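K.L.:
Give me coordinates for this.
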Amino acid sequence: MNLDTATLDAPRRSRRPRLRTSVFGLLLTLVAVSVIVSEWTGDTLDGATIAIAALIGSGAILLVGAVGASMRQES
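P.N.:
Reported below is the predicted structural model:
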C-alpha cells in the first residue's frame, strides 16, 4: 500500500460553511421567531411583509458574500 506524497502535501481547503447554507438558516430562524412572536402576543403577522423582508435581507447577505469572496480570490 503506497501513499502518494502529492496528496499528503496538498493544501487542505478550509471547511467553512457555505454562505447560502447560512442564509437558509437565517431564513428559517426568521420564520421560527415570527411564529413564536405571533403565538406569544396573539397578534397575527403579515406573511407577505415577512417574506419581502426575508428576500431583501437574504439578497443583501448573498450580494455582500459574493463581493467578499471575489475580493478574497483576487488577493
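K.L.:
I'd say Ser58 and Thr29 touch.
P.N.:
No - with contact defined as C-beta atoms under 8 Å, Ser58 does not count as touching Thr29 (11.5 Å). Just so you know, the C-beta spots here come from the backbone N, C-alpha and C atoms, and that holds for glycine as well.
K.L.:
Of those two, which one has the most company?
P.N.:
Taking other C-beta atoms under 10 Å, Ser58 and Thr29 do not tie; Ser58 has more neighbours (17 against 10).
K.L.:
Without its sequence neighbours, what residue ends up closest to the more buried one?
P.N.:
Val23 (4.8 Å; C-beta to C-beta, 6 or more residues apart in numbering).
K.L.:
Contacts for the helix or strand harbouring the one you found next, please.
P.N.:
According to DSSP states H and E, Val23 maps onto helix 19-41. Defining contact as C-beta atoms under 8 Å, 6 or more residues apart in numbering, one finds that helix 19-41 is touched by 44-45, 50, 53-54, 57-58, 61-62, 65-66, 69.
K.L.:
Check stretch 68-75 too.
P.N.:
For stretch 68-75, the external contacting residues (C-beta under 8 Å, 6+ apart) are Leu19.
K.L.:
The helix or strand following the helix holding Val23 versus helix 19-41: what angle between them?
P.N.:
Once the chain leaves helix 19-41, the next helix or strand it forms, by DSSP H and E, is helix 47-74. In terms of direction (axes from the mean of the first three to the mean of the last three C-alpha atoms, to 10 degrees), helix 47-74 departs from helix 19-41 by 150 degrees.
K.L.:
list the buried ones in helix 47-74?
P.N.:
50, 54, 58, 61 (16 or more other C-beta atoms under 10 Å).
K.L.:
Rebuild those as TSV, extending it with distance to Gln73 and pLDDT.
P.N.:
Converted to TSV, the buried residues of helix 47-74 look like this (distance: C-beta to C-beta, whole Å; pLDDT from 0 to 100):
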residue	distance to Gln73	pLDDT
Ile50	34	78
Ala54	28	80
Ser58	22	80
Ile61	19	81
